[in-house]
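Novice: Sequence first, then the predicted structure, then my questions.
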Amino acid sequence: MADDEDNRLRVYDLSAGGAPVEVIDTSSHLADERGKHPEMDLEAAATVGNRIYWIASHSRKKSGKRAPSRLRLFATDLVSSGGAAETLVMAGHSYDTLLDDLVGSPALARYDLAGAAARSPIEPGGLNIEGLTDVPGSGRLLLGLRSPVPGGRTLLVPIRNPAAMVERGERADLGAAIELDLGGRGLRSLVSWRDEYWIVAGSPMGRAQSMLYRWDGSGAPRWVQSIDFGDYNPEATAEVTVGGKSGLLILSDDGERDMGGRPCKKLKVDTDKRFRGMWLEKAP
């Protein structure tokens, strides 16, 4: 798990819940030339084999000030640490010029991502990345934007060479954007599961009710009407296999939720913080 409030990665026991069983400090790998490690605003992750790619929002601060620490795509590998135990280790190097690649891509020029990247993420049309998933069997990734939503369409951008980006610093090989009609909503989360992509879509601004869609990769997305998130604030999705059964795990961002008089995000100790998970074991 990543948290957009700090730069640590946390490992949890799905069967038991509770506090994290391991906390991974990324500062030794991702600190800047001054030895500082400002908040990255991590928003999404995608698994390809034993590798997990993590991506920051690539947005400006709410004030509109530039935030170089948010311009990051990096990777971790799942490795054995003896016996049955496994842990995450940092892999390759942080790739910090993806925004330049997006802005400079001829295939994306008509979306004026340069203009979007110059705005605060709380302004209409301000650039904000919130989705990332693998393209099964290809080693490629799909990047999803919460904003902008040009013409009311959500944008997905293929990344064809993520391994070369983090291992050798090669420039991103980006495909043409895929436009999806999600009713004017932006993308909050994205994952591949059971030969389809599952998309959580919500308001590009604020915290309006989110909705779940399924998409076969070519046709129109379909709204999953049977799923009502209620007071859930879905922020992350993952395909998880437990006991030989594959399920879709949907996690709620409960950072603003009242935890005895204080928002959850304001609590300092991991054991005091909470977030909720929802399981889908069968495709609705």
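Specialist: Thanks, I have the structure now.
Novice: Now do the same contact list for residue 101.
Specialist: The contact partners of residue 101, by Cβ atoms under 8 Å, 6 or more residues apart in numbering, come to 171, 172, 174. Just so you know, the C-beta spots here come from the backbone N, C-alpha and C atoms, and that holds for glycine as well.
Novice: Of these - the most surrounded one?
Specialist: Most neighbours among these, by other Cβ atoms under 10 Å: residue 172, with 23 neighbours.
Novice: Please list all residues in contact with it.
Specialist: By Cβ under 8 Å, 6+ apart, the neighbours of residue 172 are 95, 97, 98, 101, 102, 159, 161, 165.
Novice: returning to what we had before: would a markdown table of the contacts of residue 101 with pLDDT, secondary structure and distance to residue 54 be doable?
Specialist: Below are the contacts of residue 101 laid out as a markdown table (pLDDT from 0 to 100; DSSP: H, G, I helix; E, B strand; the rest coil; distance: Cβ to Cβ, whole Å):
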| residue | pLDDT | secondary structure | distance to residue 54 |
| --- | --- | --- | --- |
| 171 | 98 | coil | 19 |
| 172 | 98 | coil | 15 |
| 174 | 98 | strand | 18 |
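Novice: And those residues, which is closest to residue 78?
Specialist: Nearest to residue 78 among these is residue 172, at 23.6 Å by Cβ to Cβ.
Novice: returning to what we had before: for residue 57, state which of the contacts of residue 172 is nearest.
Specialist: For those, the nearest to residue 57 is residue 98 (11.4 Å; Cβ to Cβ).
Novice: wait, doesn't the closest one sit right on residue 53?
Specialist: No: checked against Cβ atoms under 8 Å, the pair residue 98 and residue 53 is beyond contact range at 11.2 Å.
Novice: In strands, which of the contacts of residue 172 appear?
Specialist: 95, 159 (DSSP state E).
Novice: For the contacts of residue 172, give me TSV that also has distance to residue 240 and pLDDT.
Specialist: Below are the contacts of residue 172 laid out as TSV (distance: Cβ to Cβ, whole Å; pLDDT from 0 to 100):
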residue	distance to residue 240	pLDDT
95	26	98
97	32	98
98	27	98
101	31	98
102	30	98
159	23	98
161	27	98
165	26	98
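Novice: Which one of the contacts of residue 172 sits in the busiest neighbourhood?
Specialist: In these, the most neighbours by other Cβ under 10 Å go to residue 165, 26 neighbours.
Novice: from memory that one sits against residue 73, does it?
Specialist: Yes: in this structure, residue 165 is within contact of residue 73 by Cβ under 8 Å, at 6.8 Å.
Novice: Find the residues that touch each one of those two.
Specialist: By the contact definition Cβ under 8 Å, 6+ apart, residue 165 and residue 73 are jointly contacted by 95, 98.
Novice: Helices of the chain, start to end?
Specialist: Secondary structure of the chain by DSSP state H: the helices cover 27-30, 98-104, 113-117, 162-168.
Novice: need those helices in a markdown table with distance to residue 38, can you?
Specialist: Below are the helices of the chain laid out as a markdown table (distance: least, Cβ to Cβ, whole Å):
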| stretch | distance to residue 38 |
| --- | --- |
| helix 27-30 | 10 |
| helix 98-104 | 16 |
| helix 113-117 | 18 |
| helix 162-168 | 20 |
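Novice: Now the spatially most central residue of the chain: closest residue in space, sequence neighbours ignored.
Specialist: Closest to where the C-alpha atoms of the chain average out (Cα atoms, centre = their mean) is residue 44, at 1.3 Å. Leaving out its chain neighbours, the residue that sits closest to residue 44 by Cβ to Cβ, 6 or more residues apart in numbering is residue 132, at 3.9 Å.
Novice: related to what we said a few turns ago, looking at the contacts of residue 172, which one is closest to residue 142?
Specialist: residue 159 (7.4 Å).
Novice: Leaving out the residues flanking it, which one is nearest to the closest one?
Specialist: Using Cβ to Cβ, 6+ apart, the nearest residue to residue 159 is residue 141, at 4.3 Å.
Novice: tally of neighbours for the one you found?
Specialist: Residue 141 has 24 nearby residues by other Cβ under 10 Å.
Novice: Quick check: the gap between it and residue 135.
Specialist: Here residue 141 is placed at a distance of 7 Å from residue 135 (Cβ to Cβ, to the nearest Å).
Novice: Can you work out which residues contact both of these two?
Specialist: Common contact partners of residue 141 and residue 135 (Cβ under 8 Å, 6+ apart): residue 158.
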